[in-house]
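S.K.: Please work out how this folds:
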Amino acid sequence: MSEVEITGIVALYIFMLAGFTGYEIISKVPVILHTPLMSGSNFVHGIVLVGAMIALGHAEGFLEQTIGFLGVILAAGNAVGGYVVTERMLEMFKSSEGK
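M.R.: I've put the predicted structure just below:
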């Protein structure tokens, strides 16, 4: 095996391990903690957006620029959608006396 194949296999292994670990952690979170967890994950979505913008900035070919632009659009939508959902979830905790 070449070094590139080994690196790809290791990256795939790390990705699968991270996915499994994330699923196991999230599935054990109590319902009352989902809102703070969602707010914390929005921070990660912002980092993904910054990474997508950096990747787009280093793109040279048309295909790379297209994929980078798509990544920026999807990451921005993910971050904005996360904040919208968090805001709606926080509205549920406000008292109805003020309305």
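
S.K.: And the contacts of stretch 41-58?
M.R.: The contact list for stretch 41-58 (Cβ atoms under 8 Å, 6 or more residues apart in numbering) reads 65, 68-69, 71-72, 74-76, 78-79, 82-83, 86. (Each C-beta comes from the backbone N, C-alpha and C, glycine too.)

S.K.: repeat that with 6 Å
M.R.: Stretch 41-58 has contacts (Cβ atoms under 6 Å, 6 or more residues apart in numbering) with 68, 71-72, 75-76, 78-79, 82-83.

S.K.: Buried ones in that stretch, by neighbour count?
M.R.: Within stretch 41-58, the residues scored as buried using 16 or more other Cβ atoms under 10 Å are 42, 45-46, 48-49, 52, 56.

S.K.: Quick check on the contacts of stretch 41-58: which are buried?
M.R.: The neighbour-count criterion (16+ other Cβ under 10 Å) marks 68, 71-72, 75-76, 78-79, 82 among the contacts of stretch 41-58 as buried.

S.K.: returning to what we had before: the contacts of stretch 41-58 into TSV, with extra columns for pLDDT?
M.R.: Converted to TSV, the contacts of stretch 41-58 look like this (pLDDT from 0 to 100):
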residue	pLDDT
68	92
71	92
72	94
75	91
76	92
78	87
79	86
82	81
83	83
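
S.K.: about what we covered before: what about the buried residues of stretch 41-58, which are in helices?
M.R.: 42, 45-46, 48-49, 52, 56 (DSSP state H).

S.K.: For the residues you listed, give me a markdown table that also has pLDDT and distance to residue 20.
M.R.: Listed next are those as a markdown table, based on pLDDT from 0 to 100; distance: Cβ to Cβ, whole Å:
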| residue | pLDDT | distance to residue 20 |
| --- | --- | --- |
| 42 | 76 | 23 |
| 45 | 81 | 21 |
| 46 | 85 | 24 |
| 48 | 88 | 20 |
| 49 | 90 | 25 |
| 52 | 91 | 24 |
| 56 | 92 | 30 |
